[in-house]
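Trainee: this one's sequence-less:
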């Protein structure tokens with residue numbers, strides 16, 4: 001009866017849960033045992049028949065199997081219902097071993113730090129072991145009483161200590177971490193080899209190989225590292241040398257093309273450590289020195305004018321030397337030059353020259369493909385440009401200009417200096433000031449009116465024409 005009363009209390013509790021949205025239509029005092037299979041089984045419902053299509057919850061209080069069992073019931077009747085077993089929480093597991101133990105000493109104070117286990121259940125505390133030789137714990141073996149992953153010990157006697165740490169919880173003690181050797185005070189020199197370096201990695205840039213790694217976490221400190229490289233895994237037939245320092249990186253330039261199997265060892269006065277992890281390094285054959293030619297504008301539109309387009313020559317794969325620049329494909333009446341026409345490049349540099357186009361009145365309007373060409377010692381690189389020439393002004397000719405001093409002009413002439421600096425001397429009398437007429441090819445046309453003719457000049461060009469006076 002007491003058991004039934006207790007179960008009735010559970011039913012009342014479930015009733016409260018139902019008010020929060022959990023559907024239940026019956027709750028009984030049975031069953032009094034847990035399912036015996038991991039999946040499900042029929043259990044006698046103590047004579048209570050669950051209504052169809054509802055969820056029924058049962059309480060099981062059998063010693064060692066306390067739990068709540070539930071199932072959606074669909075058309076289920078006496079003598080039982082199907083319930084799903086809810087197992088108790090899994091048993092606590094011992095923690096895994098801590099990692100990355102390291103230590104430092106300052107005077108008689110020793111600091112230990114490590115990383116928590118990556119496996120097993122969480123530790124409740126850690127156990128510190130210290131011995132006078134590797135693997136021993138004859139000098140210290142104590143529980144820190146804390147899950148903190150560091151420890152500071154003061155007033156530590158002088159000596160050499162071989163340290164390890166283990167994780168602990170109610171389920172047991174883990175395996176040992178890596179071993180770390182620390183020397184306190186006048187403890188004398190460390191008398192074992194270093195642990196193996198870790199985390200070796202390599203990067204390649206051209207023919208330069210850079211290695212990086214982490215210092216050993218165990219053994220005595222290294223005084224240098226030994227780099228080994230072979231043509232097969234584990235071999236050292238291609239390189240075997242000491243770095244002669246404790247730096248944890250190394251670079252080599254001018255490495256020949258090939259595949260290298262590389263590893264390293266830490267070394268001290270006692271000898272070399274075991275090998276680190278091995279990495280495979282592949283150095284590609286060096287590409288031939290070359291250069292690249294590019295122009296800022298791939299499409300140029302011009303009329304009766306001069307235009308420039310910057311073009312760059314860039315060193316590739318360490319190219320150095322002189323590059324001569326020319327152009328081809330331009331129509332008649334369009335001189336095409338580079339200024340300067342020769343560039344002297346240093347390795348990995350870039351220089352610029354201006355492509356200069358000067359369109360004369362004789363050039364026929366249209367679309368042309370120009371080709372800028374760079375040559376150097378057997379190398380030739382090109383880039384194409386589209387040139388569009390708009391209309392040239394019919395009837396205009398290239399007129400020589402007298403550029404002397406107007407104050408000393410010949411007798412019987414008049415002098416007129418245009419705004420673009422172009423100067424004419426005319427052997428007649430001007431009867432009207434200059435006025436603008438145009439445009440011609442997008443340029444203003446300036447007119448001088450004389451007693452015999454009008455003299456037309458396209459500004460910013462060397463084009464002029466003489467026509468009958470309109471006076």
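Mentor: Yep, it's here. Not measured: the values here are computed from a predicted model. Residues are numbered from 1 along each chain as shown.
Trainee: In three-state terms, label residue 105 for me.
Mentor: Following DSSP: H, G, I helix; E, B strand; the rest coil, residue 105 is assigned to strand.
Trainee: The residue nearest the centre of the chain - nearest residue in space that isn't next to it in sequence?
Mentor: Geometric centre of the chain, nearest residue: residue 203, 13.5 Å, by C-alpha atoms, centre = their mean. Take residue 203 and drop its neighbours on the chain: the residue closest to it by C-beta to C-beta, 6 or more residues apart in numbering is residue 210, 5.0 Å away. In short, each C-beta sits where N, CA and C put it, glycine included.
Trainee: the domain parsing of the chain - what is it?
Mentor: Following automatic domain parsing, one gets these domains for the chain: 2-84, 99-184, 198-283, 290-389, 397-468.
Trainee: Helices of the chain, start to end?
Mentor: Applying DSSP state H to the chain gives helices spanning 2-19.
Trainee: for it, which spans come out with low pLDDT?
Mentor: 1-90, 186-189, 303-305, 360-362, 391-392, 394, 402-404, 441, 468-471 (pLDDT under 70).
Trainee: who does the nearest residue to residue 409 once chain neighbours are set aside bridge with?
Mentor: The spatially closest residue to residue 409, leaving aside those adjacent along the chain, is residue 415, at 4.8 Å (C-beta to C-beta, 6+ apart). Bridge pairing for residue 415 (DSSP bridges) gives the partners residue 425.
Trainee: still on that earlier bit, so which of the domains of the chain comes closest to residue 190?
Mentor: Closest of these to residue 190 is domain 198-283, at 3.3 Å (criterion: C-beta to C-beta).
Trainee: distance between the ends of that closest one?
Mentor: 23 Å (C-alpha to C-alpha, to the nearest Å).
Trainee: ditto for stretch 344-364
Mentor: Across stretch 344-364, the terminal residues are separated by 36 Å (C-alpha to C-alpha).
Trainee: returning to what we had before: so the residue nearest to residue 409 sits right up against residue 422, yeah?
Mentor: No. Checked against C-beta atoms under 8 Å, the pair residue 415 and residue 422 is beyond contact range at 11.9 Å.
Trainee: Would you check how far apart the residue nearest to the centre of the chain and residue 283 are?
Mentor: Separation of residue 203 from residue 283 (C-beta to C-beta, to the nearest Å): 11 Å.
Trainee: Need the overlap of contacts for those two.
Mentor: Both residue 203 and residue 283 are contacted by residue 209, under the criterion C-beta atoms under 8 Å, 6 or more residues apart in numbering.
Trainee: Which of the domains of the chain sits closest to residue 192?
Mentor: When the domains of the chain are compared (using C-beta to C-beta), the closest one is domain 198-283, at 5.3 Å.
Trainee: next one: stretch 106-118 to chain centre, how far?
Mentor: Distance of stretch 106-118 from its chain centroid, counting by C-alpha atoms, centre = their mean, to the nearest Å, is 34 Å.
Trainee: Find the nearest non-adjacent residue to residue 144, please.
Mentor: Excluding its sequence neighbours, the residue lying closest to residue 144 (C-beta to C-beta, 6+ apart) is residue 126, at 4.7 Å.
Trainee: mind checking the end-to-end distance for stretch 410-420?
Mentor: 22 Å.
Trainee: which ones are touching residue 109?
Mentor: Contacts for residue 109 (C-beta under 8 Å, 6+ apart) come out as 152-154, 156.
Trainee: Give me the subset of these lying in strands.
Mentor: Among the contacts of residue 109, DSSP state E puts 152-153 in strands.
Trainee: Confirm for me that residue 463 is in contact with residue 400.
Mentor: No. Residue 463 is beyond contact range of residue 400, at 11.7 Å (criterion: C-beta under 8 Å).
Trainee: out of those two, which sits in the more crowded spot?
Mentor: Using other C-beta atoms under 10 Å as the criterion, residue 463 and residue 400 rank with residue 463 on top: 24 against 8.
Trainee: Which residue, neighbours along the chain excluded, lies closest to that one?
Mentor: Leaving aside its sequence neighbours, residue 463 sits nearest to residue 396 (C-beta to C-beta, 6+ apart; 4.0 Å).
Trainee: Likewise for residue 201?
Mentor: Nearest non-adjacent residue to residue 201, counting by C-beta to C-beta, 6+ apart: residue 212, 5.3 Å away.
Trainee: thought that neighbour was touching residue 225?
Mentor: No. Between residue 212 and residue 225 there is no contact under C-beta under 8 Å: 11.4 Å.
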